[in-house]
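Sequence first, then the predicted structure:
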Amino acid sequence: MSTQRYSVTPQPIDVLLAWVKSGEIAIPEIQRPFVWEPTKVRNLLDSLYAGFPVGYLIAWRNPTVKLKDGTLSAGKRILIDGQQRVTALMAGLLGREVLTKDYETVRIRIAFHPLEEKFEVSNPAIAKDAAWIPDVATVFSADADLIELTEDYVAKNPTADRKQIGKILQKLGKIINNHLGIIELAEDLDIETVTEIFIRVNSAGTALSQADFAMSKIAANESYGGNLLRKAIDYFCHLAVAPEFHAKIKHGDKAFADSEFFPKLSWLKDVNDDLYDPAYTDMLRVAFTSEFKRGKLQDLVALLSGRNFETKQYEAAIAEESFARLKTGILNFMNKTHYDRLIMTLRSAGFIDSSLIGGQNGVNFVYIVYLRGRAENVSAADLERLVRRWYVMSVLTGRYSGNPETAFDQDIRQIDANGLLAHTQAVIEATLGEGFWHALLPQQMDTSSASSPYFHCYRAAQVRLGDKGFLSRDITVRDLLLNRSDVHHVYPKNHLKTKHQLSRGRYNQIANFVLAQSEINIAIGDKDPQVYFRELAEQCVGGARKYGGITDRIEMATNLRANCLPDSLLDGMIPDYETFLRERRQLMAQKIKTWFQSL
């Protein structure tokens, strides 16, 4: 008995292109940027002309769905691998416009030199050279006449042999008869299996995410507005990064500009905040989890297909309802008030710059927390406090690092079962006990990564607590972060390298870092801590003012303590480096605890 879960069928390119135009095969990425360089389009046509194989396409047929009247509707095939190749063929052979990485609509013209039988990306020089056909799409247009094309070319190139040119153009026109293999996967395969097949077959080995599958399902659907919803997601993500793109949408995509979505995201044209620039995966996670109370995107793909989890059948009514609920979730995500409140709350915790935000998943889940809090009518003050505390807890514990789906799913189900406030309070109390602050956190801070979540939180703590920069009389850590400050080594890097022969992983410990003004950092240079702390003490009793503007001993001691440094350093009590690191980790952990309790 065969266990084959796919079929392989060779199809002529012209038949494949006809299927795409008619919707027999859905290309979900058709509205997303075309990432191939024009030279790759040229190379693809050159390979077809030479008769070389150009790989397989992988299609997955949507499950057959039961309609409201009880009849069955066969699903479309979705092209899950080969989208760029098919788009390249439509651009090069049919003259279709494509969307660039900059979201600009352009024509990619590939020129052909019949005498030399070579392809090139068209340019102004080629367009003026009669030896070239500047756009091969003219050969494949519906009203193209081979005899006329040959006569026209020979008229412009009198030395060319009419018979030879005719044969070459005939050979060029026949490349649409070349076959591409289509691997069609069985419709009853689950997403994990399809992903595994894709990875094994695709030579690049690029993993398809479940968000990619979900976006494919959304884009391929027109019955329930999926195609517009897909554009709304893409456009929101692009506007969040490039607000000036708003005008291009307004004038270049009239259908979308006239839709209900355009006014909902137009506010982004006036925003230049990069604290949270979501990708489509982030939007899907937040919208789906907050609205469906599930955390695994494979469930979204199944629901958009109309899957009934109880009967294991596929029903149009479930698909229609799922698209409507997802639309609600996306609109909630895009809502200016919701988005602004999230950003404002994160900033109020001290996360004032995108450099303090690590992975997006922590922000994604507190957005879910915020939206659920709104739905449960949690008071604004309580909700802001909860968002701050949950975000910091998740960052410090790595709750959503790596693959977040399991944690998302478990948390949202517990929130749904026990209520938002009850679940979050229980998790915070269980996770951030005294043992965490006094033992686990100092141990985890034994790291040389300046991008570690612990150093992000430490700097955010200094911002919220109003700390001054290291040895600064007036400049705060907030000021320094917003103006891209220097990270200074308390025990200077070159001092540790040359005198103690320490490796990068040791001298770059985050417990050796403070934020300082550039001029203070430069003034200290590579000096031994014994030397410059003695000079700091002298600066406070009338000595030369070498480092910053503090000249009062009490003020200097206060500054050191704010930066988690013992003021005993001013008395010449300079511990060995490893002892210093251990002691400072404890001080930094206690500052983070004080900050957390203030949130």
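Cool, got the structure. Residues are numbered from 1 along each chain as shown.

Who are the packing partners of the longest helix along the chain?
Assignment by DSSP state H gives helix 577-598 as the longest helix of the chain. Under the contact criterion of 3 or more CB pairs under 8 Å, 6 or more residues apart in numbering; DSSP states H and E, helix 577-598 touches helix 380-397, helix 441-444, helix 453-464. For every residue, glycine as well, the C-beta is placed using N, CA and C.

ok, residue 571 touching residue 537?
Yes: under the criterion of CB atoms under 8 Å, residue 571 makes contact with residue 537 at 7.3 Å.

more crowded one of the two?
residue 537 (16 against 11; other CB atoms under 10 Å).

and the more buried one, what is it in contact with?
553, 570, 571, 572 (CB atoms under 8 Å, 6 or more residues apart in numbering).

Buried among those residues? Make that a ChimeraX selection.
Buried members of the contacts of residue 537, defined by 16 or more other CB atoms under 10 Å, are picked up in ChimeraX with:
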select :570
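
Mark which of the contacts of residue 537 are part of strands, please.
The strands, defined by DSSP state E, take in nothing from the contacts of residue 537.

Show me which of the contacts of residue 537 is closest to residue 79.
The shortest gap between residue 79 and any of the contacts of residue 537 belongs to residue 570, at 68.9 Å (CB to CB).

Do a quick rundown of the strands in the chain.
6-12, 25-26, 56-61, 65-66, 72-73, 77-81, 98-99, 105-106, 110-113, 118-121, 179-185, 486-489, 513-516.

average pLDDT for the fourth one?
On average, the pLDDT along strand 65-66 is 55.

pLDDT score for the spatially most central residue of the chain?
Central residue of the chain (CA atoms, centre = their mean): residue 279, 4.1 Å from the mean position. Turning to residue 279, the model gives it a pLDDT of 89.

Roughly how far does it sit from residue 133?
41 Å (CB to CB, to the nearest Å).

could you check the angle helix 380-397 makes with the longest helix of the chain?
For helix 577-598 against helix 380-397, the angle by axes from the mean of the first three to the mean of the last three CA atoms, to 10 degrees is 160 degrees.

for the record, mean pLDDT for helix 577-598?
On average, helix 577-598 scores 96.

again, but for stretch 534-546
93.

Could you let me know which of the contacts of residue 537 ends up closest to residue 222?
residue 570 (72.0 Å).

Please name the residues that touch that closest one.
533, 536, 537, 540, 553, 556, 557, 560 are the contacts of residue 570 under CB under 8 Å, 6+ apart.

How is the protein partitioned into domains?
Here the domain parsing of the chain from automatic domain parsing is 6-110+138-201, 210-431, 443-598.

Can you give me the first-to-last residue distance of the shortest one?
In other words, domain 443-598. 23 Å (CA to CA, to the nearest Å).

Now do that domain: distance to the chain's middle.
34 Å (CA atoms, centre = their mean, to the nearest Å).

repeat for the second one
Per CA atoms, centre = their mean, the displacement of domain 210-431 from the mean C-alpha position of its chain is 13 Å.

how many neighbours does the closest residue to residue 505 other than its chain neighbours have?
Distances taken as CB to CB, 6 or more residues apart in numbering place residue 448 nearest to residue 505, at 4.7 Å, with adjacent residues excluded. Residues contacting residue 448 under the criterion other CB under 10 Å number 16.

Can you verify my assumption that residue 448 contacts residue 511?
No: if you go by CB under 8 Å, residue 448 and residue 511 don't touch, sitting 9.7 Å apart.

Now for the contacts of residue 570: which two are most distant?
533 and 553 (12.7 Å).

and residue 320, what does it touch?
223, 224.

Tell me the spacing between residue 403 and residue 285.
12 Å.

Neighbour count for these two, which is higher?
Taking other CB under 10 Å, residue 403 and residue 285 do not tie; residue 285 has more neighbours (30 against 9).

okay, residue 202: pLDDT?
56.

whoops, I mixed them up, residue 43
95.

Neighbours of it, how many?
There are 16 residues near residue 43, going by other CB under 10 Å.

before we move on, what about the one 3 residues further on?
Counted with other CB under 10 Å, the burial measure for residue 46 works out to 17 neighbours.

For beta bridges, what are the partners of the residue nearest to it when sequence neighbours are not counted?
Leaving aside its chain neighbours, residue 46 sits nearest to residue 119 (4.8 Å; criterion: CB to CB, 6+ apart). Taking DSSP bridges as the rule, residue 119 bridges to residue 112.

all helices for the stretch 1-150 of the chain, in order.
Applying DSSP state H, counting those that start in this stretch to the stretch 1-150 of the chain gives helices spanning 13-22, 38-50, 83-94, 124-128, 137-140, 146-156.

Same list (those) but as TSV, adding distance to residue 385.
Shown next, in TSV, are those (distance: least, CB to CB, whole Å):
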stretch	distance to residue 385
helix 13-22	52
helix 38-50	52
helix 83-94	45
helix 124-128	62
helix 137-140	60
helix 146-156	73
